[in-house]
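Asks: Please find the sequence and the predicted model below.
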Amino acid sequence: HSELKAINPDLLIGDYTGAWYPTYYQVGVNWASKDFDPSTTFDWATPDYKDTGYADLLDVYMTGLYYSYITKDDIDKATGIKGQNSESGLELALDYCYCVEGGAELAKQVTMGVVPVTGSIYVEQYIGEMEKFAPAVRQSLESTGGVMVFDISHLNKHGLWGDLEDAMRDSGQIK
């Protein structure tokens, strides 16, 4: 990071990961802030795991909010339980972090404000349930610093440019 910035101080350093932090350690990536201590929340994290966090080195961060559920209310409706699902063995099944709203919330929590978080929506996630596409875009816009739509070819393929524009207009992002 410091060597790249020494070459070009205006260089933006960025990263993209999925928002599913509770399982991302399985691929050896700790995109959290070095000051976030996952060992206080997740049993897989050792106390020194926080030392591998690299969000503090980023200028740009995008996170995949690739979930069928959009809001925490959707999780409550799906589980029939209001609040986090803490039933033994199911804590990762339908936890709030596995919806667009909750995933964005967790991404901001673990990055601790050291880098702006931009949510990403996967268009193909909503094929067969296209009524969820615009709400997912709106939720990303409301819960993060924007939305990255993955990807443009899917917008073209499914004729969704108008839906994207409507969702952004509904969120007040465009007039």
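Replies: Perfect, thanks for sending it. These numbers were taken from a predicted model, which means no experiment stands behind them. Numbering: from 1, shown residues only.

Asks: going forward, measure contacts and count neighbours with C-alpha atoms only.
Replies: Noted.

Asks: So which elements touch the helix or strand containing Tyr16?
Replies: Element membership for Tyr16, per DSSP states H and E: strand 14-18. In this structure, strand 14-18 makes packing contacts with strand 60-64, judged by 3 or more CA pairs under 8 Å, 6 or more residues apart in numbering; DSSP states H and E.

Asks: Could you check the angle the strand it packs on makes with strand 14-18?
Replies: Here the directions of strand 60-64 and strand 14-18 differ by 10 degrees (axes from the mean of the first three to the mean of the last three CA atoms, to 10 degrees).

Asks: Neighbouring strands of strand 60-64 in the sheet, and parallel or not?
Replies: For strand 60-64, the pairing partners within the sheet under DSSP bridges are strand 14-18 (parallel), strand 117-122 (parallel).

Asks: of those, which approaches Tyr66 most closely?
Replies: strand 117-122 (5.7 Å; CA to CA).

Asks: Show me what the closest one is in contact with.
Replies: 60-66, 104, 107-108, 136-137, 140-141, 143-151 (CA atoms under 8 Å, 6 or more residues apart in numbering).

Asks: are any of those residues buried, and which?
Replies: Among those, those that count as buried by neighbour count (16 or more other CA atoms under 10 Å) are 60-66, 104, 107-108, 136-137, 140-141, 143-144, 146-150.

Asks: Which ones among the residues you listed lie within strands?
Replies: Among the buried ones among the contacts of strand 117-122, DSSP state E puts Val60, Tyr61, Met62, Thr63, Gly64, Val147, Met148, Val149, Phe150 in strands.

Asks: which residues does the fifth one contact?
Replies: In this case it means Gly64. So Gly64 contacts Tyr16, Thr17, Gly18, Ala19, Gly119, Ser120, Ile121, Tyr122 (CA under 8 Å, 6+ apart).

Asks: please redo it, this time with the cut-off set to 7 Å
Replies: Shown in contact with Gly64 (CA atoms under 7 Å, 6 or more residues apart in numbering): Thr17, Gly18, Ala19, Gly119, Ser120, Ile121.
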